[in-house]
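What shape does this take:
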Amino acid sequence: MNRIDDLSIISSPCAIMILESLQDEIFFEIFEYVSIQDLYHGFYSLNLRFRMILASLTNLYGETTFERELSSPPFRFFASRIPKLSMHNVDLMDLSSFSAVRSLALYIEPNRAQCHLIRVFSHLKYLYISQRPIGHFYYSVSLP
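The predicted model follows:
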């Protein structure tokens, strides 16, 4: 089959019907491997069924490099259902909406206020702070 034939199969109504006919459980499995940004932008606006599937996902991984991403629509929509969160170069952490976080990876040197915020997470079991040299990390964090 040549490239043009492949594209016509993908864009045919049958391909959409095949996607629509898949069981929800298959989407739950597939969506575990898709970033929350791609899930939100790719599926949230398709129809009510996909919106309900997205609303019921619980095993999500959130990764952010910029502070503004934490207030983006994907993070706001999924925040309370993200058990694994990784933050790169994010100085200010308002993580109050991330109530399900059990694993937190920080690629920054946390300040005293951030250490206090970390202690508030009652479900936090794993805390990873980057292995880059941290020169003045004098604060201690005791987890529940």
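
The spatially most central residue of the chain pairs with what?
Centroid-nearest residue in the chain, with C-alpha atoms, centre = their mean: G62, separated by 2.4 Å. Taking DSSP bridges as the rule, G62 bridges to L85.

Please, where are all the helices along this structure?
Using DSSP state H, the helices of the chain run over 3-10, 13-21, 24-31, 36-43, 48-56, 73-78, 112-120.

Pull out the buried residues from the last one.
It stands for helix 112-120. Neighbour-count burial for helix 112-120 flags 114, 117-118 (criterion: 16 or more other C-beta atoms under 10 Å). From N, CA and C alone the C-beta is placed, and that goes for glycine too.

ok, how many other residues are close to F27?
By the criterion of other C-beta atoms under 10 Å, F27 has 20 neighbours.

Over to Y33?
By the criterion of other C-beta under 10 Å, Y33 has 8 neighbours.

Please apply the same query to L106.
Number of residues near L106 (other C-beta under 10 Å) recorded here: 19.

Can you name the residues that contact it?
Applying C-beta atoms under 8 Å, 6 or more residues apart in numbering, we find L106 in contact with 87, 127-130.

one step back: wait, doesn't the residue nearest to the centre of the chain sit right on K84?
Yes - between G62 and K84 there is a contact under C-beta atoms under 8 Å: 7.1 Å.
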